[in-house]
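# Need a 3D model of the following:
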Amino acid sequence: METKSTQNPGFKTITVNDKGFFSGYASVFDHVDDQKDVVLRGSFKQSLEKWEREGQWPKMLWQHNQKEPIGRWLFMEEDARGLYVEGQLLLDVQKAHEAYALMRAGAVDGLSIGYRVVRAQKNAKSAIRHIHEVDLLEISVVTFAANQQAKITRVKKQDA
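Model prediction:
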């Protein structure tokens, strides 16, 4: 299994075994989430560039719990739909092993971003906040995502 590669020469295409690999959208643009936030196209650009310069990606957590890292992100990019991500669960970690079983069964399929708002504008009438820029801190596998369209779209089910 090869992940997509980024154009940054500091990042390489990584070959991983299929076990624990999954992909999806950590955020979907132009959708009002349960927090009355709308993440806009381009909002991740600066943060992703910063992470690329540092040669790493944000942490992968279970349910936004900083005490429960469960894997690593292998690739992420903004595309026309949202923030696309590819990751691998570290199955030697018990919580990751459990998360993998839940993901394979379709019981857990949400992704959620942990971030600081850098620039946003709130509509006084609707109380909807339009987010123009974020500082991305982590991306979690979650049971219930605030952005209901932020989903795991593929879980490698073979234990090869």
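# which helix of the chain spans the most residues?
Secondary structure of the chain per DSSP state H: the longest helix is helix 94-105.
# which of the residues in the following helix or strand past it are buried?
Downstream of helix 94-105, the next assigned helix or strand under DSSP states H and E is strand 110-122. Neighbour-count burial for strand 110-122 flags G110, L111, S112, I113, G114, Y115, A120 (criterion: 16 or more other C-beta atoms under 10 Å). Where C-beta positions appear, they are placed from N, C-alpha and C, glycine not excepted.
# tell me how far strand 110-122 is from the chain's mean position?
12 Å (C-alpha atoms, centre = their mean, to the nearest Å).
# same deal with stretch 131-146?
Distance of stretch 131-146 from the chain centroid (C-alpha atoms, centre = their mean) equals 7 Å.
# Give me the buried stretch members for it, please.
For stretch 131-146, burial by neighbour count (16+ other C-beta under 10 Å) applies to I131, E133, V134, L136, E138, I139, S140, V141, V142, A145.
# Quick check, D30 in contact with G42.
No - here D30 lies out of contact with G42, judged by C-beta atoms under 8 Å, at a distance of 11.7 Å.
# where does the protein have low pLDDT?
Under the criterion pLDDT under 70, the flagged ranges of the chain are 1-18, 157-160.
# Contacts only, for the residue most central in space within it.
Centroid-nearest residue in the chain: A26, 3.5 Å away (criterion: C-alpha atoms, centre = their mean). Counting by C-beta atoms under 8 Å, 6 or more residues apart in numbering, A26 makes contact with M76, G82, L83, Y84, V85, L111, S112, I113, I139, A150.
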